[in-house]
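Colleague: Sequence first, then the predicted structure:
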Amino acid sequence: MEDVSGADAVVIGGGIIGCMIARYLTEAGRAVTILERSEIAAGSSAGNAGILAFPEIVPIPSPGITWKAPVWLLDPLGPLTIRPAYAARLVPWFWHFWRASFRKNFEHGLKVQTALMRLAISEFEQVRKDEHLAPFVVNTGTLDLYDSEKSFNAAAPDWARKRKAGFDFHRVGRREIEELQPGLAPQFEHAIYSDDGLQVSDPAGFTRAIAESLRGNGVTIRIAEAEAIEPTGEGARIRLTDGSALAARTVVVACGAWSKRLAKSLGEATPLDTERGYNTTLPAASFPLKRQLYFNDHSFVVTPLKDGVRIGGAVEFGGLDLPANFKRSDMLIKLAKRFLPGLETGGGEQWMGLRPSMPDCLPVIGRSKAAPNVIYAFGHGHLGLTQSAATARLVSELSAGQKPSIDLHDLRFDRFSRL
């Protein structure tokens, strides 16, 4: 085995989380190598909706949700589905999800997520000051749409929690909805508008721009796949699938849905699983989209990107290896056409990505117990882009032995071990 020594910090993962961590570590004076199995922004960092979803502080596992999930599961193309070949593996994940929905755990998760989002807002503001990255971030505003007054009222407690956390928005009726986004179906008479909704206009381009900037600052980007991690006296050694190895003083595991396998190689178990997200990106001329649209009763979004209109959402659990089921993308296009009657649905590009998901919808950020020089940073689910800068700040602080900006106790990898 070839052992390439002398590396300072290696970040495993070339998505938005890994690239942002590499940026912060470089700014802190570390010599960084990014280790990526495919190419920069090859996964969810390319296909996400581009939404900077800072107000999304309310945990998905909430009181009463376990009564809704069976209804969703009965619809094979509904907002939540489980591939039959993968169902048995999900029992532990859903058990932890159910526990996280208990009132006490839900309220605690809300508190933790709020603290993380506040840090995310302040850190992303700093990132936006970079002249190379600022053009990617645009203020489109966000329109949260509801099918009926009943569903709108049912969401009121969550909006109250967001307002209490300091987020600003207001209710709009049909006339204002039409002004904010012409062309919506007339059924939408109830909505919430957030004037400060932010959008990354090109998620893949944004991540690649960070990577290119890092190259210019001496960061090495190596295309190779990590197979296992072994602790050493000075740090850790990464075994690669090509038979070689890479030793480093600090190793950061930030490879999304693949992170579970690397943690397991250190003897550390965590209930990370994979939400398979689907979308279709239509040509920009397909609809005059002015802002981010959340169709909350149907769990999908329509967002304006630099070169197109992206329609995505829904959750499918199927692991890393099963083939994609693009009927889910087709279903979302049909829904979007129903709600945006003028939408031209031809010429779209379908995509499926793997979101790394923890049962309590909180990421893992913290040190490995088996190898203290290994730092975990994964499991962000739908919020990787949103929380990337905050995660990078926390990892940089951990790496430097500094007190983290927020308490990381509830983000440790083994937080489910006592449940």
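Modeller: Received, thanks. Numbering: from 1, shown residues only.
Colleague: quick one: low-confidence parts of the stretch 1-150 of the chain?
Modeller: 1-6, 67-79 (pLDDT under 70).
Colleague: could you dump stretch 243-258 to PDB, C-alpha only?
Modeller: Extracted in PDB, the C-alpha atoms of stretch 243-258 (Å, rounded to 0.1, in the frame of the first residue of the first chain):
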ATOM      1  CA  GLY A 243      -5.100   0.500  -2.800                       C
ATOM      2  CA  SER A 244      -3.200   3.700  -1.800                       C
ATOM      3  CA  ALA A 245      -3.600   5.700   1.400                       C
ATOM      4  CA  LEU A 246      -3.500   9.300   2.500                       C
ATOM      5  CA  ALA A 247      -2.300  10.300   6.000                       C
ATOM      6  CA  ALA A 248      -3.300  13.600   7.500                       C
ATOM      7  CA  ARG A 249      -3.200  15.500  10.800                       C
ATOM      8  CA  THR A 250      -7.000  16.300  10.500                       C
ATOM      9  CA  VAL A 251      -9.600  14.400   8.500                       C
ATOM     10  CA  VAL A 252     -13.100  15.800   8.000                       C
ATOM     11  CA  VAL A 253     -15.800  13.400   6.900                       C
ATOM     12  CA  ALA A 254     -18.200  15.500   4.800                       C
ATOM     13  CA  CYS A 255     -19.200  13.100   2.000                       C
ATOM     14  CA  GLY A 256     -23.000  13.200   2.600                       C
ATOM     15  CA  ALA A 257     -24.800   9.900   2.200                       C
ATOM     16  CA  TRP A 258     -21.600   8.000   2.000                       C
END
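Colleague: average pLDDT across that stretch?
Modeller: Averaging pLDDT along stretch 243-258 yields 96.
Colleague: again with stretch 357-371
Modeller: Here stretch 357-371 scores 97 as its mean pLDDT.
Colleague: residues of it that come out buried?
Modeller: Residues 357-368, 371 are the ones in stretch 357-371 that count as buried (16 or more other Cβ atoms under 10 Å). Placement of C-beta: from N, CA and C, glycine included.
Colleague: same check, this time on stretch 103-117
Modeller: The neighbour-count check on stretch 103-117 (16+ other Cβ under 10 Å) flags 105-106, 109-110, 112-117 as buried.
Colleague: Ok, stretch 30-48 next?
Modeller: Residues of stretch 30-48 classed as buried by neighbour count (16+ other Cβ under 10 Å): 30-37, 40-48.
Colleague: now stretch 146-161
Modeller: 146-147, 152, 155, 158-159, 161.
Colleague: which outside residues touch that stretch?
Modeller: If you take Cβ atoms under 8 Å, 6 or more residues apart in numbering as the criterion, stretch 146-161 is touched by 57-58, 110, 169, 187-192, 296-297.
Colleague: one more time with 10 Å
Modeller: 55-58, 62, 107, 110, 114, 144-145, 167, 169, 171, 185, 187-192, 294-298, 339 (Cβ atoms under 10 Å, 6 or more residues apart in numbering).
Colleague: so how far is the first residue of it from its last?
Modeller: Length of stretch 146-161, first residue to last, Cα to Cα, to the nearest Å: 18 Å.
Colleague: quick check, distance from it to the centre of its chain.
Modeller: In terms of Cα atoms, centre = their mean, to the nearest Å, the gap separating the centre of stretch 146-161 from the centre of its chain is 24 Å.
Colleague: Likewise for stretch 222-232?
Modeller: With Cα atoms, centre = their mean as the basis, stretch 222-232 stands 23 Å off its chain's centre.
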